[in-house]
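Q: Just need the structure, nothing else, for what follows:
(chains A and B)
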Protein chains: 2
Amino acid sequence: MARRPTLEFWYEFASTYSYLAAMRIEALAEAAGVEIRWRPFLLGPIFAAQGWTNSPFNLYPAKGRNMWRDLDREAARHGLPPVTRPNPFPQNSLAATRAATYGADHGWLVPFSKAVFETSFARGESIAEPAAVARILDRIGLDGTAILRAAAGEANKGRLKVAGEEARSRGIYGAPSFLAEDGELFWGNDRLEQALAWAAGDRPAGLR
Amino acid sequence: MARRPTLEFWYEFASTYSYLAAMRIEALAEAAGVEIRWRPFLLGPIFAAQGWTNSPFNLYPAKGRNMWRDLDREAARHGLPPVTRPNPFPQNSLAATRAATYGADHGWLVPFSKAVFETSFARGESIAEPAAVARILDRIGLDGTAILRAAAGEANKGRLKVAGEEARSRGIYGAPSFLAEDGELFWGNDRLEQALAWAAGDRPAGLR
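A: Numbering: from 1, shown residues only, chains lettered A, B, ... in the order given. Model prediction:
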């Protein structure tokens, strides 16, 4: 059987549209015959390098107001439950992203990532404190306390930092982002379908 | 015959995604049974109020690079000609927007607006100087010199300013934007289909 093409899914746990993409990507990827590589990363350092010390949705209030309304509309359109707004927004995603980075080698990255997103955007609970992350890990049948300890080790922290540097060096400036094997970069939940089509070899006719 | 619902299409001549929306909106609106009210405005004052003195695509280079690639992909996907990049980008859109504002009462707003967008993004020619705008007006069979003179009058300039204030007061923070009769605001070419569906009375099930 031919190897399936791979699409990298770069996501940030504090990101509203990363949540929508995370809820949609598995079914769409299956239909497209594409393998997804989940790539958790921290958007904060990339935003900070652009001079943003907060979410653009907070920095630009008119944009922020309409983003929340758009998120409600998009969730309804995709059959997802009503969106709960994290308080505060954005949530500090450091502990959850460290755990996800650790999980990449241990077989539970995807269910954990989906559980973090649902905790924040569908249950309206905090994902910010290490204790909140431990509860999510426990809830999916893992040992939260032990994993948080391992995830706080220098090796894992270094790995997360390298992922952030990789994101920036490959042109990523927001989340979610999708990277095809040939380096083609798509930004935003609105481009998930196009990114999957691209990964599957379906390019728009006439594109140079 | 029942009155058709109306959707307002707010656009900026310097805006890349306004171009895509302008090329797509007529056929989609016809199919949806929606009347479009074309609303030219200047995004510059709104960006300036947010602290931006340039296009965000220039301010954030990684975002800008991917925007141009995305624009190429989207144009190809929608069957539009290859995109030509205005030089400089963004183009000064003052003269063209004044003319469009004047045209709203004279029956040629839509063909003129489409001609401006095509001049900039499909022919790669300037739209910035009054002489360039006069040539576009002449090309569609109007008297460019006379119209530019009328468009530079105080009454028309005041009307353009009021349109900008209306945009901001109704929550607009970018272009293109779409406003339904009930005030529902959609931002971006990616939301054109949803905005038309909304205007036609089709709301996502479960939306609060």
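Q: contacts, neighbours, all on C-alpha from now
A: Noted.
Q: Return the distance of the helix or strand of chain A with the lowest mean pLDDT from the chain's centre.
A: One helix or strand of chain A scores below all others by mean pLDDT, DSSP states H and E: helix A:56-59, with a mean of 86. Averaging C-alpha positions (C-alpha atoms, centre = their mean, to the nearest Å) puts helix A:56-59 18 Å from its chain's average.
Q: That one packs against which elements?
A: On a contact count with 3 or more C-alpha pairs under 8 Å, 6 or more residues apart in numbering or on different chains; DSSP states H and E, helix A:56-59 meets helix A:61-77.
Q: For the helix it packs on, buried residues please.
A: Using 16 or more other C-alpha atoms under 10 Å in any protein chain shown as the test for burial, helix A:61-77 gives A:62-64, A:66-76.
Q: Could you single out the nearest of these to B:Asn58?
A: A:Lys63 (18.9 Å; C-alpha to C-alpha).
Q: Where does the prediction get shaky in chain A?
A: Chain A contains residues with pLDDT under 70 at A:1.
Q: ok, back up a step: near chain B, which of the buried residues of helix A:61-77 show up?
A: Applying C-alpha under 8 Å from any C-alpha of the partner chain to these, one finds that A:Ala62, A:Lys63, A:Asn66, A:Asp70, A:Asp72, A:Arg73, A:Ala76 fall near chain B.
Q: tell me what the strand or helix carrying A:Ala115 is packed against?
A: Here A:Ala115, judged by DSSP states H and E, is contained in helix A:109-121. Here helix A:109-121 touches helix A:16-32, helix A:94-103, helix A:130-139, going by 3+ C-alpha pairs under 8 Å, 6+ apart.
Q: tilt between it and helix A:16-32?
A: 140 degrees (axes from the mean of the first three to the mean of the last three C-alpha atoms, to 10 degrees).
Q: how about the CA coordinates for helix A:109-121, as CSV?
A: The C-alpha coordinates for helix A:109-121 follow below in CSV (Å, rounded to 0.1, in the frame of the first residue of the first chain):
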residue,chain,number,x,y,z
LEU,A,109,-0.7,13.4,22.1
VAL,A,110,-3.9,13.5,20.0
PRO,A,111,-6.4,12.5,22.7
PHE,A,112,-4.7,14.8,25.2
SER,A,113,-4.7,17.7,22.8
LYS,A,114,-8.4,17.3,22.0
ALA,A,115,-9.2,17.1,25.7
VAL,A,116,-7.3,20.3,26.5
PHE,A,117,-9.1,22.2,23.7
GLU,A,118,-12.5,20.8,24.9
THR,A,119,-11.8,21.7,28.5
SER,A,120,-11.0,25.3,27.5
PHE,A,121,-13.5,26.0,24.7
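Q: Pull the distance from that helix to the chain's centre.
A: Worked out by C-alpha atoms, centre = their mean, helix A:109-121 lies 9 Å from the chain centre.
Q: One more: stretch A:156-166?
A: Computed by C-alpha atoms, centre = their mean, the chain-centroid distance of stretch A:156-166 equals 15 Å.
Q: what comes into contact with it?
A: For stretch A:156-166, contacts defined as C-alpha atoms under 8 Å, 6 or more residues apart in numbering or on different chains pick out A:Phe41, A:Leu42, A:Leu43, A:Pro45, A:Ile46, A:Thr97, A:Arg98, A:Thr101, A:Tyr102, A:Ala150, A:Ala151.
Q: ok, now stretch A:172-189?
A: The contact list for stretch A:172-189, computed with C-alpha under 8 Å, 6+ apart, reads A:5-12, A:15, A:17-18, A:20-21, A:43, A:46-47, A:167, A:170-171, A:192, A:195, A:198-199, B:62-63, B:66, B:70.
Q: for stretch A:12-19, same thing?
A: In contact with stretch A:12-19 (C-alpha under 8 Å, 6+ apart) are residues A:11, A:40-43, A:71, A:89-93, A:96-97, A:113, A:116-118, A:121, A:175-176, A:188-189.
Q: Using neighbour counts, trim these to the buried set.
A: Among these, those buried by neighbour count (16+ other C-alpha under 10 Å) are A:11, A:40-43, A:71, A:90-93, A:96-97, A:113, A:116-118, A:121, A:175-176, A:188-189.
Q: Can you give me the buried ones in the least confident helix or strand of chain A?
A: Buried, per 16+ other C-alpha under 10 Å, within helix A:56-59: A:Phe57.
Q: Now it - C-alpha only, CSV.
A: Only the C-alpha atoms of helix A:56-59 are listed here, as CSV (Å, rounded to 0.1, in the frame of the first residue of the first chain):
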residue,chain,number,x,y,z
PRO,A,56,-4.4,40.5,18.8
PHE,A,57,-8.1,39.8,19.7
ASN,A,58,-7.5,41.7,22.9
LEU,A,59,-5.2,44.4,21.4
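Q: hmm, who's touching it?
A: With contact meaning C-alpha under 8 Å, 6+ apart, helix A:56-59 is reached by A:Lys63, A:Gly64, A:Arg65, A:Met67.
Q: Kindly recompute the last result at 10 Å.
A: A:Phe47, A:Trp52, A:Thr53, A:Lys63, A:Gly64, A:Arg65, A:Asn66, A:Met67, A:Trp68, A:Phe89, A:Pro90, B:Gln50 (C-alpha atoms under 10 Å, 6 or more residues apart in numbering or on different chains).
Q: what about the second one, distance to B:Tyr60?
A: A:Trp52 sits at a distance of 11 Å from B:Tyr60 (criterion: C-alpha to C-alpha, to the nearest Å).
Q: same thing with the first one?
A: As for A:Phe47, its distance to B:Tyr60 is 10 Å (criterion: C-alpha to C-alpha).
Q: What count of nearby residues applies to A:Arg203?
A: Look at A:Arg203: counted by other C-alpha atoms under 10 Å in any protein chain shown, it has 15 neighbours.
Q: wait, it sits on A:Gln194?
A: Yes - taking contacts as C-alpha atoms under 10 Å, A:Arg203 lies within contact range of A:Gln194: 8.7 Å.
Q: got any residues that touch both of those two?
A: Shared contacts of A:Arg203 and A:Gln194, counting by C-alpha under 10 Å, 6+ apart, come down to B:Arg73, B:Arg77.
Q: Find the centremost residue of chain A, please.
A: The residue lying closest to the centre of chain A (C-alpha atoms, centre = their mean) is A:Tyr11, at 2.1 Å.
Q: Just list whatever residues bridge to that residue.
A: Note on A:Tyr11: beta-bridge partners A:Pro40, judged by DSSP bridges.
Q: Contacts only, for it.
A: Neighbours of A:Tyr11 in contact, by C-alpha under 10 Å, 6+ apart: A:17-19, A:21-22, A:38-43, A:97, A:113, A:174-178, A:188.
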